[in-house]
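Engineer: quick one, structure for this:
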Amino acid sequence: MALDPRRFWRPAACPACQEPVDRWRFHRLVLWLGGRAPWSRLRVGPVIELNPIEGVAILWGLGIVVVTTLLHVLGDEWWPATILLFIGRWPWVLPGAPLLILAALVRRPRTVAILAVPLLIGLFGIMDLNLGLGRPVDRSDPGSRVRVVTFNMEGNAAAKRLTELIRTWRPDVVAIQECGGDVRDRVRRMPGYQGDVGVTCLLSRFPIIRADSLAREDVQAAGGSAWAKRYRLQGPRGEFDLTNLHLDTPRKPFEALMQGKHDAIEAIKGKTLMRDIESRLARRWVDAGPGPRLVAGDFNMPDESAIFRRNWGDLADGFDRAGFGFGYSRLNGWIRIRIDHVLADDHWVVKSARLLPDYGSDHLPVMVEFELKTP
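Structural biologist: Now for the predicted structure:
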């Protein structure tokens, strides 16, 4: 016999003492959420019944699938999906936490299983969680490795600590973007390293054989502002190329959109086209060297971007291969995103990768260890 909804939700009292029972109706709410109360089950088809939590979880899961598809298929192809690339990821996954708590309260294993699917899609597809499964079993000689750090040192907060940081990291190569005056002075005087200074800077424990810069007129003709410098270094297993790269940011069109400017959408489209051209120029410059190749720097785009996939997707992303966690390298209030990358061609094996602590910049350094494959 079906329960009467009016009786189910009516305030109850102990018959003997007249004390309120379940005054706030919490127990009854849990029963309703679990599908054990009147009007608490939604029938889908002839045999499927869903409780309220399962219904909300399915709707949330559909949203997760849509956002994941937009990010991975249309990011930097369609302007709304481009905006999704550069805003915070965690709000899309956040509803999973209270839903999991409610699912645990109603004690329905099927409800937990239904929630787990969109939660996993959100963690891996939207928030870009990495488990480091591409890290190989380590049997190599540590002396044959190349440890690379890329660091956008916006501002000079970390400049005074640079010598201390180098001693702590013990890198072979440090690629620095937004290399200000204080940083340049320390790069020139870093003991045990060769330094190259400019808008971008490089510290190398290996001898620098040659350094070539991407022609500014080529970048400016495309309307871009990228900086790229390719170095020929003498490594432990032979010579290799390392390019220090800083590509243009899409920030200004997004700021125009937030300010409600009428031409903001067209500005986003135009900036996306320019970033694609600039990225192609930079990739051609990288490939102009004899190789093997490493590319480190601030790409100003996450790896879901169609521009990134087209121009850099054939290279191994160090953190994707061997990093653990989300790896967000750009800090902007509640927005966290990974736009700093260290890439390698197929001459290299990625040994390890990790994000380094916050040293006062709005970027976190990324450290990746590689080993050149033996012929």
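Engineer: got the phi and psi for the residue most central in space within the chain?
Structural biologist: Residue closest to the mean C-alpha point of the chain, counted by C-alpha atoms, centre = their mean, is Arg338 at 3.2 Å. Main-chain dihedrals, Arg338, degrees, to the nearest 10: phi -100, psi 110.
Engineer: now it: how far from Ala316?
Structural biologist: Using C-beta to C-beta, to the nearest Å, we find Arg338 at a distance of 15 Å from Ala316. In this view, the C-beta of every residue, glycine as well, is placed from N, C-alpha and C.
Engineer: about what we covered before: the residue nearest to the centre of the chain touches Phe319, doesn't it?
Structural biologist: Yes - applying C-beta atoms under 8 Å, one finds Arg338 in contact with Phe319, separated by 7.0 Å.
Engineer: please enumerate the shared neighbours of the two.
Structural biologist: Here Arg338 and Phe319 share the contacting residues Gly327, scored by C-beta atoms under 8 Å, 6 or more residues apart in numbering.
Engineer: on the three-state scheme, Leu203 is what?
Structural biologist: strand (DSSP: H, G, I helix; E, B strand; the rest coil).
Engineer: let me see the contact set for it.
Structural biologist: If you count contacts by C-beta under 8 Å, 6+ apart, then Leu203 has Ile166, Pro171, Val173, Val174, Ile176, Val187, Met190, Tyr193, Gln194, Gly195 around it.
Engineer: same check, this time on Glu154
Structural biologist: For Glu154, the contacting residues are Glu178, Ser361, Asp362, His363, by C-beta under 8 Å, 6+ apart.
Engineer: and it, what's its pLDDT?
Structural biologist: pLDDT for Glu154: 80.
Engineer: got it, and Leu133?
Structural biologist: For Leu133, the pLDDT comes out at 81.
Engineer: count the neighbours of it for me.
Structural biologist: The burial count assigned to Leu133 is 8, neighbours taken as other C-beta atoms under 10 Å.
Engineer: now do Glu217
Structural biologist: Considering only other C-beta under 10 Å, Glu217 is surrounded by 8 other residues.
Engineer: buried set for the helix or strand hosting it?
Structural biologist: In this structure, Glu217 sits in helix 216-221 according to DSSP states H and E. Of all the residues in helix 216-221, those buried under the rule 16 or more other C-beta atoms under 10 Å are Val219.
Engineer: stretch 179-191 now?
Structural biologist: Burial within stretch 179-191, assessed by neighbour count using 16+ other C-beta under 10 Å, is assigned to Cys179, Asp182, Val183, Arg184, Arg186, Val187, Met190.
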